[in-house]
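J.: Starting from these lines, generate the structure:
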Amino acid sequence: METIQILLLTIVALMGIPAGFILRYFTMEEMKPGRKWFRMIAMVSLVIILGLIVTGEDLPLYYTVFSFIFFICVVPLIKK
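T.: Residues are numbered from 1 along each chain as shown. I've put the predicted structure just below:
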């Protein structure tokens, strides 16, 4: 059962990529003012991820992996 949950989580997470591009297409005028908030949310997410790893919280490995994949996908967007 856990494998099905991981697969569904992966599918839902990957559906966010095209949804983000669609949103960006329809809200181009809001991209520039929102960049500041996007950067802040990404940095806070990284701090939380690293904090959970450092404190040794008993998290399943796939949560950590998905968190780092999220951050790897977001970092290139922060620099633009």
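
J.: Report the mean confidence score over stretch 46-64.
T.: Average pLDDT, stretch 46-64: 72.

J.: Could you do stretch 4-18 as well?
T.: Mean predicted lDDT for stretch 4-18 stands at 81.

J.: what residue lies at the spatial centre of this structure?
T.: Phe70 (3.4 Å; Cα atoms, centre = their mean).

J.: Please name the residues that touch it.
T.: When the contact criterion is Cβ atoms under 8 Å, 6 or more residues apart in numbering, the partners of Phe70 are 13, 45. Glycine gets a C-beta too; all of them are placed from N, C-alpha and C.

J.: And for the one 4 residues further on?
T.: Remark: with contacts taken as Cβ under 8 Å, 6+ apart, Val74 is in contact with 42, 45.

J.: re earlier: would you mind naming the helix or strand containing the residue nearest to the centre of the chain?
T.: helix 61-79 (DSSP states H and E).

J.: picking up where we left off before, would you mind giving me the confidence score for the residue nearest to the centre of the chain?
T.: So Phe70 comes in at 73 (pLDDT).

J.: Next one: it from Glu29, what distance?
T.: 26 Å (Cβ to Cβ, to the nearest Å).

J.: Equivalent analysis for Phe66, please.
T.: 31 Å.

J.: who's more crowded, those two?
T.: Each of Phe66 and Glu29 has its neighbours counted (other Cβ atoms under 10 Å); Phe66 has more, 16 against 7.

J.: what's the closest non-adjacent residue to the more buried one?
T.: Ala13 (6.5 Å; Cβ to Cβ, 6 or more residues apart in numbering).

J.: and Phe68, how many neighbours?
T.: Neighbour count of Phe68, defined by other Cβ under 10 Å: 14.

J.: so it sits right up against Ile49, yeah?
T.: Yes: if you go by Cβ atoms under 8 Å, Phe68 and Ile49 touch, sitting 7.0 Å apart.
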